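Q: Provide a 3D model corresponding to the input given below.
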Amino acid sequence: MLEVLANRTYRHLFAAQVIALSGTGLTTIALSLLAYDLVGGNAGAVLGTALALKMIAYVSIAPVVGGLAHVLPRRRVLVGLDLARALIVLALPFVTSVWQVYLLIFLVNACSAAFTPLFQATIPDVLEDEATYTRALSLSRLAHDLETLLSPTAAALALLLVSYDALFMINAGAFVASALLVLSVALPAARPPERSGGLLQKIGFGTRVYLKTPRLRGLFALAWAVAAAGAMTIVNTVVLVRERLGGTETDVAVAFAAAGAGSMVVALALPHVLDRVPDRPVMLLGGGLLGLGLVAGLLRPDLSWLLPLWFVLGAGGSMIQTPAGRLLRRSSHEGDRPAVYSAQFALSHLCWLATYPLAGWLGASLGLDATFAALAVISLGATLLAARLWPAGDPVEVEHQHEPLRHHHLHVHDEHHQHAHEGWEGPEPHRHPHRHKPIRHRHPFAIDLHHPSWPR
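A: Next up, the predicted model:
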């Protein structure tokens, strides 16, 4: 897997991702301490609201930026967003009221909602070989899991020497370092998309592509399974371990580590598995593990059985999340990738926006058994729905029929644009009225201006 780091551009981008993730992990812990200083025992409510604002920023901002990314200079936008996040985080130690926390958290996550999908959509342009890209996805999953495991330890060690305000400063420095690493490499120029329509149509383009592509509709269903199981572990682990099982704070940390370990083991194994097995059975198996793992929670396991159960939930989530980028890459043209990756980012976080409060409310009002049952129903139902929406076989190349069509849009001369010119049209890509002859052919299929719906 580490061979992918031989690519200098990807190596710098991966380092930028790891550094920014590490800094963000420290800020998450510092934010909880800041909230406690501001409101004392009501800190949980403040953090819950901040988490909701984070998800709202992700769901609302990502599609807008994704729809307009093709007209933005990629490297300058990424660097600018990193620097903006650094400035916002630097302001957090100076807040004096809760509304200021809410405002800054929304702003920093609005920047992340723009940065992350654009960054993710850049990687397949850097690593064009699918096997290499698969290994990069696994490496990225490992980075996320290691951040979850190591950030609390790093924060605890740092707080022995400095106040929590310094953690915000460290995060700002991490964002600056990330910006410098992005600035140090030349990113591939984004290919202009073949797209027409007004502003709203461009903003909604990625979501339309996503929801019209069968394999991506299946991915959206599986995102509900991931969010249901993930919300159970993130929201209710502390209650389950401390209240029901009588465990210690250390036991809570070990339970979280078990889920992270399951995710990492799968991320390490998947490149070899996906060389031999298609994505669909692997991802559906992951959804099944999530649903059955939640059902197993109804058996009221003791701590010795909870750890393997949380390991299974972490593994099941990674079996879905790690290969997701392969589906997005396969389902979009190069110029459309930022829009489609942004749609995935927004829609997957919409699932979390629903399941986070559901897991908390059910746990507090109806108890943990009812929560396990409800989230298991969501997870298993979502997996069955994914199996129905995402047909078996799912070829990349699809034979289809084009009816005659006359329109105009920005285009280059590819398999769909073979026509004569009069001399005034200018260099490619260019825009002029042109006619498409009726044709039946086969090629890698993705929803776009010339393929508005999936062929039956």
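Q: could you dump stretch 280-291 to CSV, C-alpha only?
A: C-alpha atoms of stretch 280-291 as CSV (Å, rounded to 0.1, in the frame of the first residue of the first chain):
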residue,chain,number,x,y,z
ARG,A,280,-20.9,-4.8,-4.6
PRO,A,281,-20.6,-8.0,-2.6
VAL,A,282,-18.0,-6.6,-0.4
MET,A,283,-20.0,-3.5,0.4
LEU,A,284,-23.3,-5.4,0.9
LEU,A,285,-21.5,-7.8,3.2
GLY,A,286,-20.4,-4.7,5.2
GLY,A,287,-24.0,-3.5,5.5
GLY,A,288,-25.1,-6.9,6.6
LEU,A,289,-22.4,-6.9,9.3
LEU,A,290,-23.5,-3.6,10.6
GLY,A,291,-27.2,-4.6,10.8
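Q: what does that stretch contact?
A: Residues outside stretch 280-291 that contact it (CB atoms under 8 Å, 6 or more residues apart in numbering) are 215, 218-219, 222, 225-226, 228-229, 266, 270, 273-274, 312-313, 315-320, 323, 376, 379-380, 382-383, 386-387, 390, 392, 394. C-beta here means a position set from N, CA and C on the backbone, and glycine is covered the same way.
Q: Swap in 7 Å and give it another go.
A: Residues from elsewhere that reach stretch 280-291, judged by CB atoms under 7 Å, 6 or more residues apart in numbering: 222, 225-226, 229, 273-274, 312-313, 315-317, 319-320, 323, 376, 379-380, 382-383, 386-387, 390, 392, 394.
Q: List the ones among the residues you listed that fall in helices.
A: 222, 225-226, 229, 273-274, 312-313, 315-317, 319-320, 376, 379-380, 382-383, 386-387 (DSSP state H).
Q: which residue ranges form the strands in the stretch 351-456 of the chain?
A: 397-402, 405-411, 430-436, 439-444 (DSSP state E, counting those that start in this stretch).
Q: The third one packs against which elements?
A: Contact partners of strand 430-436 among helices and strands, from 3 or more CB pairs under 7 Å, 6 or more residues apart in numbering; DSSP states H and E: strand 405-411.
Q: name the helices or strands packed onto the strand it packs on?
A: Contacts defined by 3+ CB pairs under 7 Å, 6+ apart place strand 405-411 against strand 430-436.
Q: With only the CA atoms kept, save the strand it packs on in PDB.
A: In PDB, the C-alpha atoms belonging to strand 430-436 read as follows (Å, rounded to 0.1, in the frame of the first residue of the first chain):
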ATOM      1  CA  HIS A 430     -15.400  25.600 -27.600                       C
ATOM      2  CA  ARG A 431     -19.100  26.200 -27.700                       C
ATOM      3  CA  HIS A 432     -21.300  26.300 -30.800                       C
ATOM      4  CA  PRO A 433     -24.600  24.800 -32.000                       C
ATOM      5  CA  HIS A 434     -24.000  21.200 -33.300                       C
ATOM      6  CA  ARG A 435     -26.100  18.100 -34.200                       C
ATOM      7  CA  HIS A 436     -25.700  14.600 -33.000                       C
END
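Q: Any buried residues in that strand, and which?
A: 434, 436 (16 or more other CB atoms under 10 Å).
Q: ok, it: who's next to it in the sheet?
A: If you go by DSSP bridges, strand 430-436 pairs up with strand 405-411 (antiparallel).
Q: Tell me how far the strand it pairs with lies from the chain's centre.
A: Distance of strand 405-411 from the chain centroid (CA atoms, centre = their mean, to the nearest Å) equals 33 Å.
Q: pLDDT score for the nearest residue in space to residue 227 that is not next to it in sequence?
A: Distances taken as CB to CB, 6 or more residues apart in numbering place residue 351 nearest to residue 227, at 3.7 Å, with adjacent residues excluded. pLDDT recorded at residue 351 is 94.
Q: Least confident of the strands of the stretch 351-456 of the chain, on average?
A: strand 405-411 (a mean of 71).
Q: got the contact list for the residue nearest to residue 227?
A: Counting by CB under 7 Å, 6+ apart, residue 351 touches 223-224, 227.
Q: Great, nothing more from me.
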